[in-house]
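Have a look at this prediction, sequence included:
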Amino acid sequence: MGGFLLRKTGAALVVLWLASMLVFVGVRAIPGDPAIALGAENRDPAVIAAVRHKYLLDRPLPVQYAHWVWLALHGDLGVDQRELSVAHTIVTRIPITLELAILSMLVATLVGLPAGVIAAVRRGKPEDYAATTGALIGLSVPHFWLGLLFIIWFAVDLHWLPASGYVTLHHPLANLEHMVMPAIVLGAGFAAVLMRQMRSSMLTSLGTDYVRTARAKGLSEWRVVGHHAVRNSLITITTLIGLQLGALISGAVITETIFGIAGFGRLTIDAIDQRDYTLIQGVVLVAATGYVVVNLLVDVVYSLLNPRIRVS
């Protein structure tokens, strides 16, 4: 197990290093002069020269990259156009997006997994057709359209929920009221993916020899389904959930914009709109780090569920 973890951690570090290089080169490939953007479009040559010197833009690219990575390793991602710490800004925004992603995943899991199991057990029956149709709708409906529809229905017409904004966890009830609609909107597509994958995995498991053996032993159908088929199907689902966590965080960009939530996704949009190069580098690097860490955790959990992975 130790060697498996060491290999996976080493691979994750290499991926993170390559991601940091892509982030650095990609930001500098954006058309325009970074010094002018960082100087708030100030055209004074003295100001531009000072900005270039401050952000090391007058130094060779390898020197700039090495300096940026060295500071990032110490938790310093620089300052944005407003002279605020990028790291501090990201730290204050990430918990909001993580809360939204976790709630969305909870909604998707509670809806998608049972629907997938029922669709597989009742294959070819009305329940199967209903779940498959619902999954198709969930995959087809865009987040922005569903979000606007929810706002019109539940906020404007029925006055059940607030249309936008965010309330901290210090006020749990108000926080939940503000996060219900965004969580459902963001989790709808993932619930459809989970349902389809769970149905496929369950159908494969139900046709295996160990399931037929369990039935031949006289076990009840729900024990066969719950203890044997579902348990083995969850290995694939665990991998999918881990991989989709990063997708939920990145997908929160649209949802946070629609519902006026000042989270990590909204911060990314603001950084791009303002052409804040330092902030763009910070948010993309943190997002890439999140993907790498989640994938590493998924590999570890997968190896615990299926020991053959680490043995091979």
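Looks like it came in fine. Numbering: from 1, shown residues only.

ok, now how distant is residue 221 from residue 45?
80 Å (CB to CB, to the nearest Å). For the C-beta atoms, the positions are set from N, CA and C on the backbone; glycine is no exception.

same question, residue 164
Here residue 164 is placed at a distance of 43 Å from residue 45 (CB to CB).

Looking at those two, which has the bigger crowd around it?
Set residue 164 next to residue 45 and count neighbours by other CB atoms under 10 Å: residue 164 wins out with 14 against 8.

helix/strand/coil for that one?
coil (DSSP: H, G, I helix; E, B strand; the rest coil).

Hmm, it is touching residue 257, no?
No: counting by CB atoms under 8 Å, residue 164 does not reach residue 257; the two are 10.1 Å apart.

Roughly how far does residue 99 sit from residue 255?
Residue 99 is 12 Å from residue 255, by CB to CB.

ok, now residue 212?
In this view, residue 212 and residue 255 are 44 Å apart by CB to CB.

Between the two, tell me which one has more neighbours.
Set residue 212 next to residue 255 and count neighbours by other CB under 10 Å: residue 255 wins out with 28 against 12.

is it true that the more buried one lies in a helix?
Yes: under three-state DSSP, residue 255 sits within a helix.

thought it was touching residue 100?
Yes: under the contact definition of CB under 8 Å, residue 255 touches residue 100, with a separation of 7.1 Å.

hey, what's in contact with both of the two?
Each of 182, 186, 261 lies in contact with both residue 255 and residue 100 under the rule CB atoms under 8 Å, 6 or more residues apart in numbering.

Could you single out the nearest of those to residue 57?
Within the shared contacts of residue 255 and residue 100, the smallest distance to residue 57 is 33.5 Å, found for residue 261 (CB to CB).

Using the three-state scheme, assign that closest one.
coil.

my guess is it meets residue 96, correct?
Yes: Residue 261 lies in contact with residue 96 (CB under 8 Å); the separation is 6.3 Å.

anything in contact with each of these two?
By CB under 8 Å, 6+ apart, the residues touching both residue 261 and residue 96 are residue 166.

ok so, going back, quick one: the shared contacts of residue 255 and residue 100 as a markdown table, columns for distance to residue 12 too.
Listed next are these as a markdown table, based on distance: CB to CB, whole Å:
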| residue | distance to residue 12 |
| --- | --- |
| 182 | 30 |
| 186 | 26 |
| 261 | 30 |
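
Who wins on neighbours among these?
Of the shared contacts of residue 255 and residue 100, with other CB under 10 Å as the count, residue 186 tops at 30 neighbours.

Over to the spatially closest residue to it that is not a sequence neighbour. Which of the three states is it?
Closest residue to residue 186 apart from its sequence neighbours, by CB to CB, 6 or more residues apart in numbering: residue 104 at 4.0 Å. Here residue 104 is recorded as helix under three-state DSSP.

ok, residue 104 - how many residues close by?
Neighbours of residue 104 using other CB under 10 Å come to 28.

What are the buried residues along stretch 77-90?
For stretch 77-90, burial by neighbour count (16 or more other CB atoms under 10 Å) applies to 77, 78, 79, 80, 81, 85, 86, 87, 89, 90.

ok, residues contacting that stretch?
Residues contacting stretch 77-90 (CB under 8 Å, 6+ apart): 37-38, 40, 55, 68, 71, 75-76, 264, 267, 271, 274, 276, 278-279, 281-283, 285-286.

mean confidence for that stretch?
What stretch 77-90 shows for mean pLDDT is 84.

gap between the two ends of it?
10 Å (CA to CA, to the nearest Å).

Could you list the domains of this protein?
Per automatic domain parsing, the structural domains of the chain span 2-73, 90-273.

gap between the longest one and the chain center?
So the one you mean is domain 90-273. 12 Å (CA atoms, centre = their mean, to the nearest Å).

And that domain, end to end?
Domain 90-273 end-to-end distance (CA to CA) = 17 Å.

State the distance from residue 16 to residue 125.
For residue 16, the distance to residue 125 - CB to CB - is 47 Å.

Compare those two (neighbour count), which wins?
A side-by-side neighbour count of residue 16 and residue 125, using other CB under 10 Å, places residue 16 first with 17 against 11.
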